[in-house]
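Peer 1: Return a 3D structure for these sequence lines:
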Amino acid sequence: MEAEATTNKPLSELLGGARAGDDAAWEGIVRRFAPLIVSITRSHRLSESDSRDVMQLVWLKLLEHLNRIREPNALPGWISVTTRNACLDTIRVNRRTVSTPSFRDERSNGAAPDESIMTSVDRREVVAAWAHLGASCRELLAMCCVEPRVSYSDISQALGIPIGSIGPTRGRCLETLRQKLSPQG
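Peer 2: From the prediction side, this is the model:
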């Protein structure tokens, strides 16, 4: 009952109390706005763990900026914008995280039809050639080959290269991969 009474206090009291170090006031803010954060993370379709990470990040940022919020009624908007930005950052990071393909054993009943085209020798050759590419080429090619597609703008930001050089660099990386896979290479 006491927690509910704290949650129902005016926002200016909760904010002032939290600034003064009142744990109950801070808890009141958390209880009042946690559902808002959860609804925003759900609308961005984040995983449960990513949602919890975003929530923790928002509370940490609020704690860091508590003294900068001059208008208590602006707090819900501040929390909404901060949560949305954290969700978008999480989505961007998750897009950049690309795992290398795992090649199933030919004897596996779960092999996809297109995988049956490659022999185990082919697979080993591709994996070996991939391993000999430079890290920057592997990262670029991986980002160019994922679904959903990563935009050149996002690739440029993630890798720190100009948009105009992504295509030519990708071409050079593919050519290097082809040479490593060719019988003469």
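Peer 1: Off-centre distance for stretch 67-86?
Peer 2: Distance of stretch 67-86 from its chain centroid, counting by C-alpha atoms, centre = their mean, to the nearest Å, is 22 Å.
Peer 1: Could you export it as CSV, CA atoms only?
Peer 2: Extracted C-alpha coordinates of stretch 67-86, given in CSV (Å, rounded to 0.1, in the frame of the first residue of the first chain):
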residue,chain,number,x,y,z
ASN,A,67,19.3,17.1,-12.1
ARG,A,68,19.0,18.3,-15.7
ILE,A,69,15.3,17.6,-15.9
ARG,A,70,13.8,21.0,-15.1
GLU,A,71,10.2,20.4,-15.9
PRO,A,72,8.7,17.3,-14.1
ASN,A,73,5.9,16.9,-16.7
ALA,A,74,8.6,16.4,-19.3
LEU,A,75,9.8,13.2,-17.7
PRO,A,76,7.4,10.9,-19.5
GLY,A,77,8.5,12.3,-22.8
TRP,A,78,12.2,12.1,-21.8
ILE,A,79,11.7,8.4,-20.8
SER,A,80,9.9,7.6,-24.1
VAL,A,81,12.5,9.2,-26.3
THR,A,82,15.4,7.7,-24.4
THR,A,83,13.7,4.3,-24.5
ARG,A,84,13.1,4.5,-28.2
ASN,A,85,16.7,5.5,-28.9
ALA,A,86,18.0,2.7,-26.8
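Peer 1: which SS class is Ile161?
Peer 2: coil (DSSP: H, G, I helix; E, B strand; the rest coil).
Peer 1: so what's it closest to, chain neighbours aside?
Peer 2: Closest residue in space to Ile161, ignoring its immediate chain neighbours: Thr169 at 6.8 Å, by C-beta to C-beta, 6 or more residues apart in numbering. Where C-beta positions appear, they are placed from N, C-alpha and C, glycine not excepted.
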